[in-house]
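Asks: Here's a sequence, model it:
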Amino acid sequence: MSKSRQKLTIKDRFLQVGIPLLLGAVLATVFKYKILTPLEVANSFMEPSFKKGDTVYINKLFSAKSLLVGDVVLAKSPLNPESYILARVLGKPGDQISISKREAFRNGIQVPRETFPVKEKENFSLLPSGKTESDEKQNITVPEKNYYLLCDNREMGIDSRELGPVQETFIIGKVW
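Replies: Residues are numbered from 1 along each chain as shown. I've put the predicted structure just below:
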């Protein structure tokens, strides 16, 4: 062993090894909880895309203005900020949303069913009869800084049909 290796003190070793390890752990923790957060899906509202127990990642560094129709987001429930909803964007600020005869229309154009997946073995329409009171919505204009969200599993999901448009500030992140 060389003399220079023998003269390293505990303080020198800490500076060379400990500080980079500590900095790496802090950065990893910040990244995990503030930038890209893992989340276990707690219900079947987004089946078939995400099943109960699946892990999704929430990108918290996103701009709500960059959201596209069909993007999946995590949002606080407008009725209970302690609850969260995982749903797809159907309408953006200023969009006209109409739900008629169990079909959804955005700005007068029917939303393709491919935008909102359904279970292959079941033939659910876009807005099934399980949501009888919310199946027919006429000309809802999405207010500024609000989004209209719709779950994939529309028989079970709670979304903007019941909650109304969701404020931009309630959207926590975009799902990866």
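Asks: Contacts for whichever strand in the chain runs longest, please.
Replies: Taking DSSP state E as the criterion, the chain has its longest strand at strand 84-91. Outside strand 84-91, the residues that touch it by CB atoms under 8 Å, 6 or more residues apart in numbering are 41, 45-46, 50, 56, 67-77, 97, 104, 106, 111, 115-116, 140, 142, 147-152, 157-160, 163, 165-166, 172, 175. C-beta: built from backbone N, CA, C; applies to glycine.
Asks: and those, which of them are in strands?
Replies: Using DSSP E, these in strands are 56, 72-76, 97, 104, 106, 140, 147-150, 166, 172, 175.
Asks: ok, of those, which come out buried?
Replies: Among the ones in strands among the contacts of strand 84-91, those classed as buried by 16 or more other CB atoms under 10 Å are 56, 72-76, 97, 104, 106, 140, 147-150, 166, 172, 175.
Asks: for residue 61, helix, strand, or coil?
Replies: Secondary structure of residue 61, reduced to three states by DSSP: H, G, I helix; E, B strand; the rest coil: coil.
Asks: from what I can see residue 58 touches residue 35, true?
Replies: No: counting by CB atoms under 8 Å, residue 58 stays clear of residue 35, with 9.4 Å between them.
Asks: more crowded one of those two?
Replies: residue 58 (20 against 13; other CB atoms under 10 Å).
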